[in-house]
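**Q** Output the structure for:
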Amino acid sequence: MTSHRAHHRRLARAASAAALAAALAGCSSGTPGTTSPASTRHDADDVAFAQQMVVHHRAAVEMAELAAERAASPEVRDLADRVLATQEPEIQTMTSWLQAWGAKIPADAPMDHDAHGEGHDAAEMPGMMSSEQMADLEAASGAAFDEIWLTGMVAHHEGAVAMARTEQQEGADPDAVALAERIEADQSAEVAEMTELLGDAASTSGEPLPSSHVHGVAADPADGTVVLATHDGLFRSEGGSWTRVGPVIDLMGFAVAGPDHYYASGHPGPGTDLPEPVGLLESTDGGRTWTPLSRQGESDFHAMAASEGAVVGFDGTLRRTSDGVAWTPVEAPVEPYALAASGRAATVVATSPRGPALSTDAGETWSTLPDAPLLLLAAVADERTIVGATPDGEVVVSEDTGATWQVRGTLGATPQALSAARGEDGALQVLAVTEHLLVSTDGGATFARR
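**A** Model (predicted):
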């Protein structure tokens, strides 16, 4: 959704353009025998160029206005400033031509990127972002915003260049053709600049994830190594790359209980001799080998957490076990989407579409957290500290076991997995997986790709 400030800017631009057009129209008719050159030399191609480019430029301005608040890179913000400084005056110029020509001026309203209007399909103009792509851009921030913005603006500029070349070939008005030449030159140079920035971002974006489906992330307390539980098995970050560990298991549920001590559930992969589903598995050697404990052929725990003294899992029924073998069904006020705990605390959190729920006795009893935001995922760093991620990637933290919450930062995208822990110095460290592994060492305020 476009911000109120952006809408006010559009109104100001519309008023300014109208005033300019009126002034030019007055100059063209004030002296007998004189006429604006645009009023006599233009043709239908000039009109189509101006009408379409006005709409096209407005979309670029809308994207540039977002960058002022959301971009992380100074280069992206500088580019956005230049887009505004160049294209807003060009919108006014083309609007004045259209008025002088007696042609229809595209309405200056909130941009609908899939709308049909002014005789042109905005969604089919070269390089225009779709409504879905704009929604992704508006939901992003930081480095994720920069990447989406640069990719979208490169395509947008390339579309403008194509439109400008058509005007140079087919237009009749010399001023319109001259503007088309300037648009091609300016935006071609900016495309080269943005392409270089995208290349720089790619070179510093961290190691690609080993699987597109990540169900769990954690730092092993044994040595701090980051481990990913994925659709394609368990991976450890070693020497800047991902190394598969142990048999191939679709690890739908995964929990770290202590140093090199993991619990998991899911489905056996190719060549893995385990029941379907695998039930509850345990590893005490960092995932290199797994021991079936219980519910083999019965349970696929899509949500799982290992707290101090108990494992809690959800396979359609919320259950807990203190010995890994005997399970007890548990009554809870929500049906968990995800479960979170720390092996060193009895605090367990469940997320759900109805809001999160809390247990402070290792999953035996539960209560709702009425003042908590809607969380997609949660992580428990210690007995009192809970980190949450909302569906749109906002990071929130509670340091009083869910009573109050503070917004800390954003992931810039919907998270796949989340974990948190206190470092030796007491600092809150957060790991998250979107399309990348993100690491925060300042309590979720900022994240860097790893």
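**Q** Where does pLDDT dip in this structure?
**A** By pLDDT under 70, the low-scoring segments of the chain are 1-40, 109-124, 200-207.
**Q** CA atoms only for the helix or strand containing A135, dumped as PDB, please.
**A** Counting by DSSP states H and E, the element that carries A135 is helix 131-139. The C-alpha coordinates for helix 131-139 follow below in PDB (Å, rounded to 0.1, in the frame of the first residue of the first chain):
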ATOM      1  CA  SER A 131       1.100  -5.800  -8.100                       C
ATOM      2  CA  GLU A 132       2.500  -8.900  -6.500                       C
ATOM      3  CA  GLN A 133       6.100  -7.700  -7.100                       C
ATOM      4  CA  MET A 134       5.300  -4.300  -5.700                       C
ATOM      5  CA  ALA A 135       3.800  -6.000  -2.600                       C
ATOM      6  CA  ASP A 136       7.000  -7.900  -2.100                       C
ATOM      7  CA  LEU A 137       9.000  -4.700  -2.500                       C
ATOM      8  CA  GLU A 138       6.800  -2.800   0.000                       C
ATOM      9  CA  ALA A 139       7.100  -5.700   2.500                       C
END
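**Q** Can you mark which positions in it are buried?
**A** For helix 131-139, a neighbour-count test (16 or more other C-beta atoms under 10 Å) marks M134, D136, L137, E138, A139 as buried. Heads up, the C-betas are built off the backbone N, CA and C, glycines and all.
**Q** counting contacts, what elements does it pack onto?
**A** Secondary-structure packing of helix 131-139 (3 or more C-beta pairs under 8 Å, 6 or more residues apart in numbering; DSSP states H and E): helix 44-70, helix 142-170.
**Q** Run the chain-centre distance for that helix.
**A** 9 Å (C-alpha atoms, centre = their mean, to the nearest Å).
**Q** Report the contact partners of the nearest residue to E90 once chain neighbours are set aside.
**A** Spatial nearest neighbour of E90, excluding adjacent residues (C-beta to C-beta, 6 or more residues apart in numbering): H57 at 6.0 Å. Neighbour list for H57: Q87, E88, E90, I91, M94, A160 [criterion: C-beta atoms under 8 Å, 6 or more residues apart in numbering].
**Q** Doesn't the first one lie inside a helix?
**A** Yes. The assignment for Q87 (DSSP: H, G, I helix; E, B strand; the rest coil) places it in a helix.
**Q** Tell me which two of the contacts of H57 sit farthest apart.
**A** The largest separation in the contacts of H57, counting by C-beta to C-beta, is between E88 and A160 at 14.4 Å.
**Q** These two: which is more packed in?
**A** A160 (29 against 20; other C-beta atoms under 10 Å).
**Q** Check whether the more buried one really touches P126, as I assumed.
**A** Yes. Between A160 and P126 there is a contact under C-beta atoms under 8 Å: 7.5 Å.
**Q** hang on, the earlier thing: could you identify the most distant pair in the buried residues of helix 131-139?
**A** The distance between the two most remote of these (C-beta to C-beta) is 9.6 Å, for M134 and A139.
**Q** circling back to that earlier point, adding distance to D260 as columns, could you present the contacts of H57 in JSON lines?
**A** Below are the contacts of H57 laid out as JSON lines (distance: C-beta to C-beta, whole Å):
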{"residue": "Q87", "distance to D260": "57"}
{"residue": "E88", "distance to D260": "59"}
{"residue": "E90", "distance to D260": "62"}
{"residue": "I91", "distance to D260": "61"}
{"residue": "M94", "distance to D260": "66"}
{"residue": "A160", "distance to D260": "56"}
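**Q** from those residues, which single one is nearest T289?
**A** A160 (58.2 Å).
**Q** Distance of that closest one relative to M153?
**A** A160 sits 10 Å away from M153, going by C-beta to C-beta, to the nearest Å.
**Q** contacting residues around I386?
**A** Taking C-beta under 8 Å, 6+ apart, we find I386 in contact with A340, T347, V349, A378, A379, V380, V397, S398, T401, G402.
**Q** now, which of these lie within helices?
**A** Judged by DSSP state H, helices contain none of the contacts of I386.
**Q** packing partners for the lengthiest strand in the chain?
**A** Secondary structure of the chain read by DSSP state E shows that its longest strand is strand 249-258. Packed against strand 249-258, as judged by 3+ C-beta pairs under 8 Å, 6+ apart, are the following elements: strand 214-219, strand 226-230, strand 233-238, strand 261-268, strand 303-307, strand 310-314.
**Q** how about 7 Å then?
**A** strand 214-219, strand 226-230, strand 233-238, strand 261-268, strand 303-307 (3 or more C-beta pairs under 7 Å, 6 or more residues apart in numbering; DSSP states H and E).
**Q** V76 in helix, strand or coil?
**A** Classified using three-state DSSP, V76 is helix.
**Q** Name the nearest residue to it, ignoring sequence neighbours.
**A** Nearest residue to V76, sequence neighbours excluded (C-beta to C-beta, 6+ apart): D146, at 4.9 Å.
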